[in-house]
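Colleague: what follows is a predicted structure for the sequence shown.
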Amino acid sequence: SQQGEEDPQALSIQEGENATMNCSYKTSINNLQWYRQNSGRGLVHLILIRSNEREKHSGRLRVTLDTSKKSSSLLITASRAADTASYFCATDAFYSNYQLIWGAGTKLIIKP
Amino acid sequence: DGGITQSPKYLFRKEGQNVTLSCEQNLNHDAMYWYRQDPGQGLRLIYYSQIVNDFQKGDIAEGYSVSREKKESFPLTVTSAQKNPTAFYLCASSVPKASGNTIYFGEGSWLTVV
């Protein structure tokens, strides 16, 4: 079952610009994670934010979480062509026995 | 290096055939998963296993079967009962814990029905 919905479905920006992707979910969560998938490859974990955290940074990544709005955003600053990929959010809900529920992803294209 | 190995990378299946996708991990993870991904879509859970000799159906288990005889291995069989098996299949593993269930993925296997 899919709980997360990413917005936008696709995003195309120039290299050097910032990219922002959003994720909304439906139920209360323990934490929310973001993953990256290069075309035809497996997913790679980027960052995890817990339900009691509001913001987290990792290198050029900044994640925010608003549990009152059941939403999260992923900001990639100073984008590079190598950031071209699909980005997925995944939530770990209280009832789910640690099973992750995945969004449909945002396809990000960085134009050189 | 530790990781998850899926094989084959590309597999073609004729109508009516069963095929098995291999997944091996050397991360010493208890939990393993199989996901299906259709083009441009998200991940859908087929089966998961939290311990050896035990597994549970995910959201789309019909037409698939799995086994977990060893901790490091979780093969997926796509049976002839799966009517639309052409997709990208991802195996994954993790150590589920309350602080977060971070999933590690293999590189995926492409299955095409010919």
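Modeller: The structure has been received and is ready for your questions.
Colleague: ok so residue A:82 is a strand residue?
Modeller: No - counting by DSSP: H, G, I helix; E, B strand; the rest coil, residue A:82 is not part of a strand but helix.
Colleague: and it, what does it touch?
Modeller: By CB atoms under 8 Å, 6 or more residues apart in numbering or on different chains, the contact set of residue A:82 is residue A:110. C-beta: built from backbone N, CA, C; applies to glycine.
Colleague: I figured residue B:75 hits residue B:65, correct?
Modeller: No - counting by CB atoms under 8 Å, residue B:75 stays clear of residue B:65, with 9.2 Å between them.
Colleague: for chain A, which helix or strand comes out least confident on mean pLDDT?
Modeller: Each helix and strand of chain A was given a mean pLDDT (mean pLDDT, DSSP states H and E); the minimum falls on strand A:5-7 at a mean of 83.
Colleague: I'd like the distance between residue B:4 and residue B:90.
Modeller: 9 Å (CB to CB, to the nearest Å).
Colleague: these two: which has the busier surroundings?
Modeller: The neighbour count for residue B:4 versus residue B:90, taken as other CB atoms under 10 Å in any protein chain shown, is higher for residue B:90 (26 against 22).
Colleague: residues contacting that one?
Modeller: Residue B:90 neighbours (CB under 8 Å, 6+ apart): A:42, A:43, B:6, B:34, B:35, B:36, B:37, B:43, B:105, B:106, B:108.
Colleague: among those, which pair sits farthest apart?
Modeller: Pairwise distances across those peak at 14.5 Å for B:6 and B:43 (criterion: CB to CB).
Colleague: stretch A:28-47: how far from the chain's middle?
Modeller: Taking CA atoms, centre = their mean, to the nearest Å, one finds stretch A:28-47 lying 7 Å from the centre of the chain it belongs to.
Colleague: list the buried ones in that stretch?
Modeller: By neighbour count on 16 or more other CB atoms under 10 Å in any protein chain shown, the buried set for stretch A:28-47 is A:29-37, A:41-43, A:45-47.
Colleague: could you do stretch B:84-103 as well?
Modeller: Applying a neighbour-count criterion of 16+ other CB under 10 Å, one finds B:85, B:87-94, B:96, B:100-103 buried in stretch B:84-103.
Colleague: over to stretch A:13-33?
Modeller: Buried residues in stretch A:13-33, defined by neighbour count with 16+ other CB under 10 Å: A:13, A:19-25, A:29-33.
Colleague: just the strands in chain B please.
Modeller: Secondary structure of chain B (DSSP state E): strands at B:4-7, B:10-13, B:19-25, B:31-37, B:43-51, B:54-57, B:64-66, B:76-78, B:87-94, B:104-105, B:109-113.
Colleague: so which elements touch the third one?
Modeller: The contact analysis (3 or more CB pairs under 8 Å, 6 or more residues apart in numbering or on different chains; DSSP states H and E) places strand B:19-25 against strand B:4-7, strand B:10-13, strand B:31-37, strand B:76-78, strand B:87-94, strand B:109-113.
Colleague: which ones are touching the residue nearest to residue B:38 when sequence neighbours are not counted?
Modeller: Residue nearest to residue B:38 in three dimensions, not counting chain neighbours: residue B:87, with 5.3 Å by CB to CB, 6 or more residues apart in numbering or on different chains. Neighbour list for residue B:87: B:36, B:37, B:38, B:111 [criterion: CB under 8 Å, 6+ apart].
Colleague: for PyMOL, write the selection for the buried entries among those.
Modeller: To isolate the buried subset of the contacts of residue B:87 in PyMOL, counting by 16+ other CB under 10 Å, use the following:
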select buried, chain B and resi 36+37+111
